[in-house]
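**Student:** What follows is a predicted structure for the sequence shown.
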Amino acid sequence: MSEQQRTNVHLAGSGRISGGYYDTVTVAGSGRIEGDVDANLIKTAGSCRIDGDVKTKELKTAGSCRVSGDVRAERIKTAGSCVIEGNVYSDELKIAGTQTVEGSIKAKELTSAGSLKVSEDVEAEKFLSRGGFEIGGLLSAEEVKIELGGGKVSEIGGTRIEVRRRGRSFWGWRRPPRVHVRIGRDLEEIGETLESVFEDLGRIGEEVSQAVSEGLGYAFGWSYGSGFLEADTIEGDEIFLENTKARVVRGKKVQIGEGCEIESVEYSESFEVAPGARVKEQRRV
């Protein structure tokens, strides 16, 4: 596909557009993009399917979005349900809601405040999670910060790794704002209101995901923060863990906090274990 002049395309209601080169792509309602799409900005609200690869400076999704190929974007912000059947390459990835990636993720900074499921590896400079996640392969990042809503990963490797229980009660949760969206009959009005839709749905997605994890814990008699991280191996320079079940933890400075069940700890500089945490064996290497 040769380079050509970029134009704007707005799809309101139900319909389809062809893949191609665009400046801005806006989908409000139920839409389908048939083929690879290369755009400066892609915004979807409602239900959208993209049959191909995506290349864009910025991708914003609210509602339901599915991409059959890879996504390459400087910035990605998803709220609602988003499924990417290929790989994700991004400088900044922000998730509020449910994000599924059937391939791998490579990002400079990944922030998740909802549910993240990745079939293969996740590679980032910063990985920040305040919800639940499941990663089929290796989670590799310079900085890993996890506020537990439940997590499962094969291996974690990083410089600084911090896993903590979240402590705010369900009753402290603030009710999400109502979404007031007025969709007019012409495309200009849709374009003007769409940005507020993304902002409201993004806030709601984050708060709902937090409320669900907190609320279920309260409803079933769990203390909030009782979610566990499950991993085979955790390796880093500085490691602090709470509510973690792992076979091997290996690092320079290792702190094992409350709620941990660790089979083996290997450390080279310092090691601390909280009362009540279980470590079967430890050795200095």
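**Tutor:** Thanks, I have it. Residues are numbered from 1 along each chain as shown.

**Student:** low-confidence ranges in the chain?
**Tutor:** 1-4, 167-226 (pLDDT under 70).

**Student:** In stretch 244-263, which residues are buried?
**Tutor:** For stretch 244-263, burial by neighbour count (16 or more other C-beta atoms under 10 Å) applies to 244-246, 249-251, 253-257, 259-260, 262. Where you see a C-beta, it was placed from the backbone N, CA and C, and this is true even at glycine.

**Student:** Tell me, domain by domain, which residues of this structure belong where.
**Tutor:** As assigned by automatic domain parsing, the chain contains the domains 1-86+188-209, 93-165+228-285.

**Student:** quick one on the thing from earlier: now, the buried residues of stretch 244-263 that are in strands?
**Tutor:** Mapping the buried residues of stretch 244-263 onto strands (DSSP state E) picks out Thr244, Lys245, Ala246, Val249, Arg250, Gly251, Lys253, Val254, Gln255, Ile256, Ile262.

**Student:** need those in a markdown table with distance to Leu11, can you?
**Tutor:** Shown next, in a markdown table, are these (distance: C-beta to C-beta, whole Å):
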| residue | distance to Leu11 |
| --- | --- |
| Thr244 | 46 |
| Lys245 | 47 |
| Ala246 | 47 |
| Val249 | 50 |
| Arg250 | 51 |
| Gly251 | 50 |
| Lys253 | 53 |
| Val254 | 53 |
| Gln255 | 52 |
| Ile256 | 53 |
| Ile262 | 52 |
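
**Student:** Name the strands paired with the helix or strand that contains Gly63 and say parallel or antiparallel.
**Tutor:** Using DSSP states H and E, Gly63 sits in strand 54-67. Here strand 54-67 has these sheet partners by DSSP bridges: strand 7-51 (parallel), strand 71-84 (parallel).

**Student:** and the first one, how far from the chain's centre?
**Tutor:** Taking the mean C-alpha point of strand 7-51 and that of its whole chain, the gap between them comes to 23 Å (C-alpha atoms, centre = their mean, to the nearest Å).
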